[in-house]
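# Predicted model, plus sequence, below.
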Amino acid sequence: MSNEKTTHFGYKTVPTQEKQKFVGEVFHSVAGKYDLMNDLMSMGVHRLWKRYTIEMSGARPGQTILDLAGGTGDLTMKFSRIVGDSGRVVLSDINSSMLQVGRDKLLDHSYAGNIEYVQANAESLPFADNSFDCITIAFGLRNVTDKQTALESMTRVLKPGGRLLVLEFSKPTNPTFERIYDRYSFSVLPFMGRLVTNDAESYRYLAESIRMHPDQKTLKHMMRKAGLDRVDYHNLTGGVVALHRGFKY
Ligand code: SAM
């Protein structure tokens, strides 16, 4: 019997060291149509979830913000306006295709001066200790192989008094609603994926990875274990998504 460590990639069991490669293939495949698919799948509601995240971030002019697993830069775009010329936003992602789409979009919309782009793995962030006033990771943590290590890495680079916001799919609070949502995820999402990106598999992975992600209470516990304080969460759209926030002291 093999001693190789395994983890999950959606519902599949894969060698731990290969998960990152599989996740990479998903996002290289969907990058070009990522924004369009987000609007279609959520019927635009992801914009409200992101707006709420910005409100809860407490970002202010002059601050330094890390938009981790930031992909095509939706949050970066908003933070860039808020922190202004005296502040700085780092858009960071492990995937070059997602970063490229994000960079092109931000340049097309004339965002430039206060944004930096850094390709990095959330598990081993290439930033000095105590660097950021605020870190966001939106719909990213679910894809990371070692989530606890990533949360610890984020806590390390936060300044004392800084906050981490994790916006992620979570567990619906109403069982009837959960059944309807399940049906939607496993039939409509791969169908849309095939239609729009010619890639049903990546969207099946999306549905499966959501089910495999820690629920609200488990994630809260993981954030505390990473050293964050005053950790709390807010369910959005009946718990389809949850926003967790914790502070470093
Ligand atoms: N934050 C953006 C948003 O909300 O629209 C993009 C979210 S997208 C669903 C997930 C992103 O996480 C992808 O761009 C992917 O490349 C990135 N990602 C996956 N694993 C990562 C890791 N280990 N470190 C950093 N980014 C990662």
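Good, I have the coordinates. Residues are numbered from 1 along each chain as shown.

# Contacts only, for the residue of the chain found nearest the ligand.
Scanning the chain for the residue nearest the ligand gives Gly71, at 2.7 Å (criterion: Cβ to the nearest ligand atom). Backbone N, C-alpha and C define where each C-beta goes, glycine included. Listed by Cβ atoms under 8 Å, 6 or more residues apart in numbering, the contact set of Gly71 reads 27, 34, 93, 95, 98-99, 101-102, 139-140.

# got it, and Asp215?
170-171.

# same deal with Thr13?
Contacts of Thr13 (Cβ under 8 Å, 6+ apart): 6-7.

# Pairing partners for it in the sheet, please.
Beta bridges link Thr13 to His8 when assigned by DSSP bridges.

# and Lys225, how many neighbours does it have?
13 (other Cβ atoms under 10 Å).

# Please report how far it lies from Met212.
The gap separating Lys225 from Met212 is 19 Å, by Cβ to Cβ, to the nearest Å.

# again with Ala31
22 Å.

# Could you do Arg179 as well?
Distance from Arg179 to Met212, by Cβ to Cβ: 18 Å.

# Under the pLDDT cut-off, which ranges of this protein? List them.
Applying pLDDT under 70 to the chain flags residues 1-2.

# Residue numbers of it in contact with the ligand?
Selection of the chain residues close to the ligand by Cβ under 6 Å from any ligand atom yields 23, 27, 69-72, 74, 93-95, 98, 121-123, 138-140, 143-144.

# check contacts around Lys171.
178, 215-216, 239.

# Of Ala31 and Met212, which one has the most company?
Between Ala31 and Met212, Ala31 has the larger neighbour count (other Cβ under 10 Å), namely 21 against 12.

# List the pairing partners of the strand of greatest length in the chain within its sheet, with orientation.
Under DSSP state E, the strand in the chain containing the largest number of residues is strand 158-169. Using DSSP bridges, the strands paired with strand 158-169 are strand 132-138 (parallel), strand 241-247 (antiparallel).

# out of those, deepest packed?
strand 132-138 (a mean of 25; mean count of other Cβ atoms under 10 Å).

# Tell me the buried residues in the longest helix along the chain?
When the chain is parsed with DSSP state H, its longest helix is helix 16-30. Residues of helix 16-30 classed as buried: 19-20, 23-24, 26-27, 29-30 (neighbour count, 16 or more other Cβ atoms under 10 Å).

# next helix or strand past that helix?
Where DSSP states H and E defines the elements, the next helix or strand beyond helix 16-30 is helix 34-42.

# any idea how far the closest residue to Asn38 other than its chain neighbours lies from Met223?
Excluding its sequence neighbours, the residue lying closest to Asn38 (Cβ to Cβ, 6 or more residues apart in numbering) is His46, at 5.1 Å. When distance is defined by Cβ to Cβ, His46 is 22 Å away from Met223.

# now swap in Val144 and tell me
From Val144 to Met223 the distance is 14 Å (Cβ to Cβ).

# How about Lys33?
Per Cβ to Cβ, Lys33 is found 32 Å from Met223.

# Settle it for me: which of those two has more neighbours?
A count of neighbours by other Cβ under 10 Å puts Met223 above the other of Lys33 and Met223, at 23 against 16.

# was I right about that one contacting Phe247?
No: at 10.0 Å, Met223 does not count as touching Phe247 under the criterion of Cβ atoms under 8 Å.

# shared neighbours, these two?
Joint contacts of Met223 and Phe247 (Cβ under 8 Å, 6+ apart) are Leu164.

# Show the end-to-end separation of stretch 77-88, please.
Start and end residues of stretch 77-88 are separated by 12 Å (Cα to Cα, to the nearest Å).

# got the contact list for it?
50-51, 54, 57, 59-65, 67, 89, 105-106, 109, 111, 113-116, 136.

# Which residues in stretch 73-86 does the neighbour count mark as buried?
Those would be 73-80, 82-83, for stretch 73-86 by 16+ other Cβ under 10 Å.
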